[in-house]
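Q: when you get a sec, could you give me coordinates for this:
(4 chains)
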Number of protein chains: 2
Amino acid sequence: MNNSLPTSATPAGTASSRVFDHLRKDLVGGRFVAGEKLAINALKDRYQVGLSPLREALNRLAAYGLLVQENQRGFRVPKLSRDELDDISQMRLEMEGMALERAIANGDSLWEADLLAAAHRLKRADISLDKGEEWEHLHTQFHRTLVAPCGSVWLLRFIEQLHDHFDRYRRLGPKMPTIRQELDEQHHQLVELALQRDAKAARELMDDHIHKSYEVALKRYQDHV
Amino acid sequence: MNNSLPTSATPAGTASSRVFDHLRKDLVGGRFVAGEKLAINALKDRYQVGLSPLREALNRLAAYGLLVQENQRGFRVPKLSRDELDDISQMRLEMEGMALERAIANGDSLWEADLLAAAHRLKRADISLDKGEEWEHLHTQFHRTLVAPCGSVWLLRFIEQLHDHFDRYRRLGPKMPTIRQELDEQHHQLVELALQRDAKAARELMDDHIHKSYEVALKRYQDHV
DNA sequence: GTAGGTTAAAAAATCGATTATCTTGTCTAA
DNA sequence: TTAGACAAGATAATCGATTTTTTAACCTAC
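A: Sure, this is the predicted structure:
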């Protein structure tokens, strides 16, 4: 069972790729302040790589949207804005809703098993001492599994990208255990509705789920400013 | 009045960016064969740049999806497939339809003027001796203008990316003047419906437009294989 | 006091050379 | 004959140094 996760175990080939992955996590996880200009030499030390692989990673991240590149004046972390958060959330509603409906139409029994497994792992990480980073990974994995059999590579790609950018807002502040519990509850309900192949109800719940997440993210953004 | 278009006149800052733009055009325009492995040293000569800026451009293109990067074995041009063409076209239907409806709801009178202008320029380029590359640019510009006031930066970004990838298929073969005329006719009808703010009819026409383009692209793909 | 100009320091971008990895062809042993 | 081992050449990735451009500090003239 090889699902090719770029998790800790992977040697991850080139220095470029390693830095890319690491930087991506750090940017999504809010380890840099929005708007900040990146000091390349500092990054070189921080990630223990030379200039060339570092710059290649930065270029990839810029093309992905997690950095902005200004000709002749390096890279900076994109600013956050209410407008962008609204935009991203709106797009998530459209695209993940679409993907979920298709996934429910296409998903086979292997998908059902994967889904149950992903939900279970997520719950486990939640009950046990929350290691944060681990929960984040399982959470991403759960949502990925949910829409995986939607049949569109491009749709999945866009959703992934939106998630990364959404998380820049969601992960701004400290944990909010109360709301998280509510959202976690929805994860299980989503699995149930998916197994029952109730596309309509599942989509409605997904809409609500995204909307609640949006409210969390918005709160954090407003507190943060 | 600086509208910062990266058109011909712009010196385009860094070598990286210049190569990126150039390579992107060449990849979309079918100047490389799908599946081909890129010989970096050859590219260095072809685009008259050193290794570092070239590699940075390649990394950006890979993140954008116009190249695939295999660790330790360089870059190659992505293969084409019927499945991907179907996927891209389906996504275009969803996303451009959505964008057009929103643009019609939001667009102001400046938009109307821009739209008329873009359509007119496109027609002009079409009547005059078709310089190919020029028509392509105006065509892209027209579709961009059409959906521009949709209000979602992310939606526009995804549409742009889908267009680029769609064009890898559409531009495989030689020109097909008969069908192009039909498609050009639709451009003008789209403008009319947009100005009349008839969202429903406009979306239907857009669906048809994308579907016809899809058929052209599919034909070319099949002839090409 | 401020706009404009000059220059030194800092940072970004690029180059040329080196190192690591893959690929190919050849040889050997079963 | 062929699977595997090995070496040589080709290619990718990375490093260290250089060049170019921006930034910041200072000065001068009005």
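Q: what distance do you get for A:C150 to B:E94?
A: Per C-beta to C-beta, to the nearest Å, A:C150 is found 12 Å from B:E94. Just so you know, the C-beta spots here come from the backbone N, C-alpha and C atoms, and that holds for glycine as well.
Q: and the two? which has more neighbours close in?
A: Between A:C150 and B:E94, A:C150 has the larger neighbour count (other C-beta atoms under 10 Å in any protein chain shown), namely 22 against 18.
Q: these two touch, right, that one and A:N106?
A: Yes. Using C-beta atoms under 8 Å, A:C150 is in contact with A:N106, at 6.8 Å.
Q: neighbouring contacts of stretch A:182-196?
A: Contacts of stretch A:182-196 with the rest of the structure, by C-beta atoms under 8 Å, 6 or more residues apart in numbering or on different chains, involve A:100, A:103-104, A:107, A:112, A:115-116, A:119, A:122-123, A:126, A:142, A:146, A:201-202, A:205-206, A:208-209, A:212-213, A:216.
Q: try 6 Å this time
A: By C-beta atoms under 6 Å, 6 or more residues apart in numbering or on different chains, the residues outside stretch A:182-196 that reach it are A:104, A:112, A:115, A:119, A:126, A:201-202, A:205, A:209.
Q: again, but for stretch A:217-225
A: A:85, A:169-170, A:172-173.
Q: quick one: which of the residues you listed is most hemmed in?
A: Neighbour counts for the contacts of stretch A:217-225, by other C-beta under 10 Å, peak at A:Y169, which reaches 26 neighbours.
Q: quick one, what contacts that one?
A: A:Y169 makes contacts with A:85, A:217, A:221, as judged by C-beta under 6 Å, 6+ apart.
Q: just the ones in helices from the residues you listed, please.
A: Judged by DSSP state H, the subset of the contacts of A:Y169 located in helices is A:85, A:217, A:221.
Q: tell me who's in contact with A:A118.
A: A:A118 neighbours (C-beta under 6 Å, 6+ apart): A:141-142, A:145.
Q: ok, back up a step: in JSON lines: the ones in helices among the contacts of A:Y169, plus distance to DNA strand C and pLDDT.
A: Below are these laid out as JSON lines (distance: C-beta to the nearest atom of the strand, whole Å; pLDDT from 0 to 100):
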{"residue": "A:L85", "distance to DNA strand C": "27", "pLDDT": "98"}
{"residue": "A:A217", "distance to DNA strand C": "29", "pLDDT": "96"}
{"residue": "A:Y221", "distance to DNA strand C": "27", "pLDDT": "97"}
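Q: in chain A, what residue comes closest to DNA strand D?
A: At 2.0 Å from DNA strand D, A:G50 is the closest residue in chain A, using C-beta to the nearest atom of the strand.
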